[in-house]
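Enquirer: Give me a model of this one.
(2 chains)
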Protein chains: 2
Amino acid sequence: MAPKGGFELKTPKGTRDWDGKHMVLREHIFDTIREVFKRHGGVTIDTPVFELKDILAGKYGEDSKLIYDLADQGGELCSLRYDLTVPFARYVAQKNVQQIKRYHIAKVYRRDQPAVSKGRMREFYQCDFDVAGVYDPMLPDAEIIKIVVEVFEALGWHGRYTIKTNHRKILDGLFQVCGVPEDKIRTISSAVDKLDKMPWADVKKEMVEEKGLAEEVADKIGVWVQLKGGKDLLEKLQNDESLAANESMKQGITDMGLLFDYLECFDATSAVSFDLSLARGLDYYTGIIYEVVTEGSAPAAPGGSEAAAKQKPKKKGKASEDDDRSDDPTLGVGSVAAGGRYDNLVGMFSGKGQIPCVGISFGVDRIFSIEAARLKAEQGKEPRNNETDVYVMALGGKGFDGMVKDRMRICNQLWAAGIKAEFLYKNKPKLQNQFKAAEVNGVPFAVILGEEELANGQVKLKQMGLEDGHPEKEGVLVQISDLVGEVRRRLEQDRKLEELTRNAAGLRVVDGVKGEDIKLEDGGAAAPEV
Amino acid sequence: MAPKGGFELKTPKGTRDWDGKHMVLREHIFDTIREVFKRHGGVTIDTPVFELKDILAGKYGEDSKLIYDLADQGGELCSLRYDLTVPFARYVAQKNVQQIKRYHIAKVYRRDQPAVSKGRMREFYQCDFDVAGVYDPMLPDAEIIKIVVEVFEALGWHGRYTIKTNHRKILDGLFQVCGVPEDKIRTISSAVDKLDKMPWADVKKEMVEEKGLAEEVADKIGVWVQLKGGKDLLEKLQNDESLAANESMKQGITDMGLLFDYLECFDATSAVSFDLSLARGLDYYTGIIYEVVTEGSAPAAPGGSEAAAKQKPKKKGKASEDDDRSDDPTLGVGSVAAGGRYDNLVGMFSGKGQIPCVGISFGVDRIFSIEAARLKAEQGKEPRNNETDVYVMALGGKGFDGMVKDRMRICNQLWAAGIKAEFLYKNKPKLQNQFKAAEVNGVPFAVILGEEELANGQVKLKQMGLEDGHPEKEGVLVQISDLVGEVRRRLEQDRKLEELTRNAAGLRVVDGVKGEDIKLEDGGAAAPEV
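Expert: Sure, this is the predicted structure:
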């Protein structure tokens, strides 16, 4: 865009405007997620976009360098939030909240190297659901997984996602029994986490050569961390005498046993994979951890989800620096949601002791990319730009004055009944321009005013896009006094029909109308990593 | 709150957390406004929270000192957005948008001296609707006013708000005819704008003594700017020969005439006051301007709205510095919405010429304050914290195991049907704790599990809060296979009943339940200025 005033007209690096069909799709994803959150009793809170710098300090390890600071213009030093979890913990501690199921859908900020094509932006959305409070074991943890299942089922992803779960105490127990020195547990844990990106041989090499682990210890670990399954794997752990004797392992096994029992009550086991290689980067997890992967989201999956492994060729060797976000506190490479139990974070703020928490964060930018790609693949189906139900038009012959006031009065009547209606802001519009304005947004109905009809207290009501030969192709005359009722009846019919035929995403779409494509490369919209 | 780590646990100065009933009320206000925006064909866009510093430069005059800058951490220099209008103009220019009806509900940032009790925060929300494009005169302008009417009627403010309107060209013409030198027009205009806060004598004094205007010129102005009315006032201007001869005045009168005609078509005249004292601070307005005031929002109204003037004692003398936001680009003191036509702003960014715009910004924080005060006054009526429909409980005697898995299975059945349901995260909960958990959030229905009933495939369904003697006070037994249908039927009934009895704000409320009050002084929630 030609600048005026000597600077480039653009959004800052790593940010973008959301508009048009992108925005409609994004709102649809938010609505879907929000509906599930509310179904489970979630309440929302809204924290400031920036926090005191001290609140964020010491929470993100090396990634702290990615925090955006506000300029020191006098007064407090502040930083833009890096995630929604730390502000939530600050809130719980500050307000001394004892119990809450909270959700928060909002932007977070990271001065990362942007990779627009991969959906890695500096400003991006997170959708978080967290349960804080002292409860009986694994009850909220199981409900979080149920929430994950409901979200992806509602998005139409049935059979196309895997919820990988593991337990920090099982990992810790495993490392202890295998003989990993206490001070190496975290670094060995983070090496194990790379099994979704590199083969065991490379992970072992890293453990032994880079991290100085004894080879026989690494080999013992290797026997276990390449396993995944369900309750069967839990039994296998239990049947190993040395593992079963470890205190940390015992606790983890008890928790995971409860989890599987509860998930059966919730009918939520089919997408869950108990995966001993899942470790997750963040130090603050203390119990169950999970990460959701899907076909379109996993770039290379030697140790990844079954679904992903089936589809994608294996990528050999070390992942490039660009791919490596294994220490990202919220999302690993290729995952669309992630989270876990963090029982000690609130205590970092509070003098009043711990409030245990468990939560999930949905990576909506990545979910958006995958949905947009799918819609693009489904030729001719596009989300509508706006939600207008009726376009009010006028048609006339010689000396036609455009009937602008009549169009306004009809709109007013429709608005009063809560019907979404528009008219063209022209005194004497051409009929074709009015139809064009309606078609471009996929408006389903037109009300057409003519002088003669109006003199009889009538207007023409026409459903857009009917096929030639349809008995109502040219529209039907209705009394103005009946218009609201007629429009409502037809909208209701139209919606019922749409429900039967709507696409998997549950989006209201418009068929075969030329409009803006969902272009993934356009305006920074993110493409899935393949 | 006791800090840990040597810093105070709080949000930054001038910011707050939104939660609980405050959040529910705020969401209700957003939903109401959003529904109206969509009814008029609005589409939403989402721009970044920060813009390049150069984009904001030179747009806010003296108030530029209130802009938050990001720290220079290498790379581009950025600032937090100050309003939603300049980012919108940047967007329209950058994407070369020719026509759009866009709405945007988002936070903006000003390093102002916060006045929490007055609802002046450093981080606050704006709800904007703007129409960009070349159209026939006053058509979008009239629809904006219709939108204002629909929003406040939907909020239940019928008869309690006044939409003050004026036209920059009428003011300019008036000043020209009265003999105000060209270079003094803006400063005299801003003096006139203070007539809603101070009497004419003081405004005149400011014009003559501070701004060096000849006294006879000020007197001539005084005759006109104290007038307000409707079409009658327009006729009065037309009937003044010298005024009617002025070119700028002529254009303004034609526009305002059209506006009144169109507002009649929209049935939207009753709250509109044509007010010659309304000038608005921002330089960028070029046509119609408007500002909405209400009883609760106008602190001192000698020249303010009729509604306000009736209710409030007049405040004499100059408003305190603290009150003075007459140069605030979006909201004057005491107004709940404001806007106007700005035909030249997009051109400040674009090399491709002007895209005329007209828009409105709703001051939702102030609207929130007024609504919260009203709800507080309506004793015993409070918005619900969450939207849960059913609380699933268990009741048992000696040896009762808590039936946690049965509660989970019943919840799962309800969730699958889209019903919002919760259960207590306790293995063996006391019945009273389960009822308490339901009551605190005003959950309308309880499903109570008992071992005996369950053996018969039944549960008890109980509507909460029924009066003693009601035939279903103790609940009714239903087959588990019929549970979803029974719950749906009763929720439907309950909703219909609620629609008949809901309070003016249209909020779902819960009667007489002890819970968190809407406290205006709490956590920075804003009190209306009185």
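
Enquirer: How is chain A partitioned into domains?
Expert: Per the record, chain A has its domains at A:20-299+A:330-378, A:390-504, by the TED database.

Enquirer: right, so those domains: which one is the most enclosed?
Expert: domain A:20-299+A:330-378 (a mean of 20; mean count of other CB atoms under 10 Å in any protein chain shown). Any C-beta I mention is one placed from the backbone N, CA and C, and that applies to glycine too.

Enquirer: which non-adjacent residue is nearest the residue most central in space within chain A?
Expert: What sits nearest the mean C-alpha location of chain A, by CA atoms, centre = their mean, is residue A:364, with 2.5 Å. Among residues not flanking residue A:364 along the chain, residue A:125 sits closest, at 4.9 Å (CB to CB, 6 or more residues apart in numbering or on different chains).

Enquirer: element containing the one you found?
Expert: strand A:123-132 (DSSP states H and E).

Enquirer: Which is the succeeding secondary structure element to that strand?
Expert: helix A:139-154.

Enquirer: model confidence over that next one, on average?
Expert: The average of the pLDDT scores along helix A:139-154 is 97.

Enquirer: anything in that helix near chain B?
Expert: Yes: using CB under 8 Å from any CB of the partner chain, we find that helix A:139-154 touches chain B at A:139, A:140, A:142, A:146, A:150.

Enquirer: In contact with the last one, which residues are there?
Expert: Residue A:150 is in contact with A:36, A:39, B:415, counting by CB atoms under 8 Å, 6 or more residues apart in numbering or on different chains.

Enquirer: tell me the contacts of the first one?
Expert: Counting by CB under 8 Å, 6+ apart, residue A:36 touches A:147, A:150, A:151, A:154.

Enquirer: Now do the same contact list for the residue nearest to residue A:364.
Expert: So residue A:125 contacts A:26, A:105, A:106, A:107, A:108, A:364, A:365 (CB under 8 Å, 6+ apart).

Enquirer: Whichever strand or helix holds residue A:54 near chain B at all?
Expert: For residue A:54, the host element (DSSP H and E) is helix A:53-56. Yes: residues of helix A:53-56 contacting chain B under CB under 8 Å from any CB: A:54, A:55.

Enquirer: Mind giving me the packing neighbours of that helix?
Expert: Applying 3 or more CB pairs under 8 Å, 6 or more residues apart in numbering or on different chains; DSSP states H and E, one finds that helix A:53-56 contacts strand A:78-80, helix A:85-94.

Enquirer: can you tell if the last one touches chain B?
Expert: The reference is to helix A:85-94. Yes: interface with chain B: helix A:85-94 contributes A:90, A:91, A:93, A:94 (CB under 8 Å from any CB).

Enquirer: How about the contacts made by the third one?
Expert: The one in question is residue A:93. Residue A:93 neighbours (CB under 8 Å, 6+ apart): A:346, A:347, A:349, A:350, A:352, A:355, B:1, B:9.

Enquirer: before we move on, what about the first one?
Expert: By CB under 8 Å, 6+ apart, residue A:90 lies in contact with A:47, A:51, A:55, A:349, B:9.

Enquirer: part of a helix, is residue A:217?
Expert: Yes: counting by DSSP: H, G, I helix; E, B strand; the rest coil, residue A:217 is located in a helix.

Enquirer: follow-up on the earlier one: make TSV out of the helices and strands packed on helix A:53-56 and add distance to residue A:43.
Expert: Listed next are the helices and strands packed on helix A:53-56 as TSV, based on distance: least, CB to CB, whole Å:
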stretch	distance to residue A:43
strand A:78-80	24
helix A:85-94	12
